[in-house]
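[1] only geometry, no sequence info:
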DNA sequence: ATACGGTATTTTGTATACAAGCTAGCCACA
DNA sequence: TGTGGCTAGCTTGTATACAAAATACCGTAT
């Protein structure tokens, strides 16, 4: 899949997967990166041309993205990038709180010494990026941390469901951590979580993680109120 | 989409949706009905011929089903009906317990008098089918009941996530209610739930619903142990 | 007899051609 | 001048043709 001229021999590095699969990944990137804005209509011919593929694999990719909720296919009308409105966030975050809370509980009960060491390292990295005010890296490491926790919890379907919802949340490009004081709050919640994990306190870890997610929602709501005011 | 001869004019009643959409629905039916057995390989050309459509819309349908987890597409190797093993059930049911528990909690807090009337009717229907030993209709009404509760709870994304997981559970053609005494147990749990709903007891409804789902899992496990022994 | 390799066939993945529906713009008429 | 319907084009949905990879089959050699 080229992003410039029509490919002469399709030589791009490693062509391991199918074009439709590559299209899914590229479109996910473009949607997450806001190159394709929420609500925007996707013209199949134009997009296929842009990706350097034909409409057939592109349409298969759009079906997948539609199933993920990233685009909405209106039959005979076209395909549109999904929009996540505040009302959606208010519904999704409580679900995430439940699910991630369960992850935290299970992780606290199953965590090994080696796991704790790795989590401590990630947490230290979070502290460092926070101190530097490097919000982007904080987000990155934060993601890795939550992912690691899911791995420890060990429920693959739970991981799957959380992953689906997280993809959706990426649609709303809100960076609540840029809110005054939220970064410190978040860090504090992470510290408390680490403590609960060290103590293998399942109830505590669940409670803290739920609170962490709901605090994120509250911060987002403050942010959105601020923008609309 | 015909299931017999090649269609002459494609005149079947109302052809509102696209062939790929119809194929999704038909394949879902066939998978749920075990016409397509778990693990079975799906030959695109043969299946397309059987559905009376070409491979293009069929492949789009398979992409959708793959995203739902009903089939697994192995690149360049073919498409297979997904298999749900006991280990999967042990992961999925606890998630369902969480989610449906939340539904029960929210529903208990928001339920209106009219809602309660309708739920009472559904519950009465459950009691009747149980008394008749009509397990199939019990399952049907039970589904409608849970669906109604989700409507009352009002979280559309929660509904969506639960729906996704339920589709998966259909893959394992579990009929735990056929287990000795499980039908009566289930009925008892439903009675307790109705009481909690009438009392608008969110905590109680959540606890009962969680227990209901986990009891289903336990029954399934007894059933599976029985089969393998 | 068995294992390895090469060829033929089958099957997936992609492109293109074709059909049908939707949109928009224009003209006629009130 | 505004409204209604018709036509032209543009876009989606489907079928088919083609390319490439995987599988199966067969023959040969050890």
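    Right, received. Where do you want to start? Note that the structure is a prediction, hence the values are computed from the model and not measured.
[2] Centre-most residue in chain A?
    For chain A, the residue sitting closest to the mean C-alpha position, by Cα atoms, centre = their mean, is residue A:166 at 3.9 Å.
[3] Would you mind naming what in chain A lies close to DNA strand C?
    A:18, A:19, A:20, A:53, A:54, A:55, A:56, A:57, A:60, A:76, A:77 (Cβ under 7 Å from any atom of the strand). C-beta: built from backbone N, CA, C; applies to glycine.
[4] ChimeraX command to pick out the buried ones of the residues you listed?
    Buried subset of the residues of chain A next to DNA strand C, written as a ChimeraX selection, criterion 16 or more other Cβ atoms under 10 Å in any protein chain shown:
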select /A:19,20,53,57,60
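[5] Any residues of chain A in contact with DNA strand D? List them.
    Checking chain A against DNA strand D by Cβ under 7 Å from any atom of the strand, the hits are A:41-45, A:55-56, A:59, A:73, A:75-79.
[6] quick check: domain ranges of chain A?
    Listed domain ranges for chain A are A:19-81, A:86-228 (source: automatic domain parsing).
[7] How far off centre is the helix-or-strand element of chain A with minimal mean pLDDT?
    Every helix and strand of chain A was ranked by mean pLDDT, DSSP states H and E. The lowest is helix A:202-228, at a mean of 92. Offset of helix A:202-228 from its chain centre (Cα atoms, centre = their mean, to the nearest Å): 16 Å.
[8] how about the residue in chain A that chain B sits nearest to, what does it touch?
    Closest to chain B within chain A is residue A:67: 3.3 Å, counting by Cβ to the nearest Cβ. Residues near residue A:67 by Cβ atoms under 8 Å, 6 or more residues apart in numbering or on different chains: B:63, B:64, B:67, B:68.
[9] Those in strands, which ones?
    Using DSSP state E, the subset of these located in strands is empty.
[10] Can you say which two of these are spatially most distant?
    Farthest-apart pair in those is B:63 and B:68; separation 9.9 Å (Cβ to Cβ).
[11] before we move on, what SS does residue A:37 have?
    State at residue A:37, reduced to three classes by DSSP: H, G, I helix; E, B strand; the rest coil: coil.
[12] Run a quick neighbour tally on it.
    By other Cβ atoms under 10 Å in any protein chain shown, the residues close to residue A:37 number 11.
[13] and if you look at residue A:206?
    23.
[14] Identify the residues contacting residue A:216.
    So residue A:216 contacts A:93, A:176, A:186 (Cβ under 8 Å, 6+ apart).
[15] Got the confidence number for the first one?
    Reading off the per-residue confidence, residue A:93 sits at a pLDDT of 98.
[16] where exactly do the strands run in chain A?
    A:41-42, A:71-74, A:78-81.
[17] Out of the ones you listed, flag the one nearest residue B:123.
    strand A:71-74 (36.3 Å).
[18] So what's the model's average confidence on that closest one?
    97.
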